[in-house]
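Trainee: Sequence first, then the predicted structure, then my questions.
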Amino acid sequence: MRYLTFALTKGRLADKTLAMLEKIGITCEEMKDKDSRKLIFVNEELKLRFFLAKGPDVPTYVEYGAADIGIVGKDTILEEGRKLYEVMDLGFGACRMCVCGPESAKPLLNSNQLIRVATKYPNIAKDYFYNKKHQTVEIIKLNGSIELAPIVGLSEVIVDIVETGSTLRENGLKVLEEVCPLSARMVVNQVSMKMENERISKLIEDLRKVI
Ligand SMILES: Nc1ncnc2c1ncn2[C@@H]1O[C@H](COP(=O)(O)OP(=O)(O)OP(=O)(O)O)[C@@H](O)[C@H]1O
Ligand SMILES: O=P(O)(O)OC[C@H]1O[C@H](OP(=O)(O)OP(=O)(O)O)[C@H](O)[C@@H]1O
């Protein structure tokens, strides 16, 4: 039997991903050692391999078949636009993609003014403003602390993830519009879905019972 390889997202989603896999009897003790610099882990008994990668790289590994299965946020799936199957909503990592800014920016969203939109998600922002709202905007790509942009005058609004809303609150910003709800998803390589259908279907079935 060949190894089935999982690409898991580092950071926020990692602990919940491991807890979910543990519930269906898939464990990888080695992976819990936070001090380890080891990148790939094997469960010999179940013929599984796991590695942790940066979120945006997970769909890349899965599209190319370097991983059969990926666990990644819906935001990353939308942003990366890779060819893969999204097979399951895992429920955890729930948050929302929103257009945010100071209350005073609200009227700009329903005008034909050319506003600036700062975001870590330029493709999601483009799709929302161009295809859904038919509003021409200037997209400015940032890599973090997006909420700074409207405060210091880099942009009028931002497109970013909102979970508890505390980052917005503490910086005097509001949700102005919701783009879409988000959560962690399981994605599968298109060839693996055919070649390893039995094992992958069983995995999906087992996961359905615990989430
Ligand atoms: N409050 C939140 N902020 C950001 N991502 C969240 C939040 N809640 C859930 N998520 C999910 O977790 C994933 C990101 O986890 P991660 O810890 O890698 O965050 P990141 O800030 O995008 O990464 P990095 O710190 O490496 O830039 C997102 O893709 C999203 O689906
Ligand atoms: O609604 P909240 O619960 O406050 O969560 C949302 C915040 O968390 C994320 O940032 P992150 O902590 O990943 O830092 P970053 O801005 O450097 O990416 C996101 O980009 C928001 O800023």
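Mentor: That came in fine, so what should we check first? Ligands and ions are numbered 1, 2, ... in the order given.

Trainee: Could I get the phi/psi values of K141?
Mentor: The phi/psi pair for K141 (degrees, to the nearest 10) reads phi -80, psi 130.

Trainee: which residues does the nearest residue to it once chain neighbours are set aside contact?
Mentor: Setting aside the residues directly before and after it, K141 is nearest to P122 in space (C-beta to C-beta, 6 or more residues apart in numbering), at 5.0 Å. The C-beta positions use only the backbone N, C-alpha and C, and glycine is treated the same way. Residues near P122 by C-beta atoms under 8 Å, 6 or more residues apart in numbering: E79, I139, K141.

Trainee: measure P122 to M1 for me?
Mentor: For P122, the distance to M1 (C-beta to C-beta, to the nearest Å) stands at 42 Å.

Trainee: Give me every residue in the chain that's in contact range of ligand 1.
Mentor: Proximity of the chain to ligand 1, by C-beta under 6 Å from any ligand atom, involves residues 9-13, 55, 73, 75-76, 93, 95, 144, 161, 163, 182.

Trainee: Any chance of a ChimeraX selection covering the buried ones in those residues?
Mentor: Provided next is the ChimeraX selection string for whichever of the residues of the chain next to ligand 1 are buried by 16 or more other C-beta atoms under 10 Å:
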select :9,13,55,73,75,76,93,95,161,182
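
Trainee: Inside helices: which ones of the residues of the chain next to ligand 1?
Mentor: Counted as lying in helices by DSSP state H, out of these, are D75, T76.

Trainee: Which stretches in this protein count as strands?
Mentor: With strands called from DSSP state E, the chain shows them at 4-9, 40-43, 48-53, 69-73, 85-89, 95-101, 115-119, 137-141, 157-162, 174-182, 184-188.
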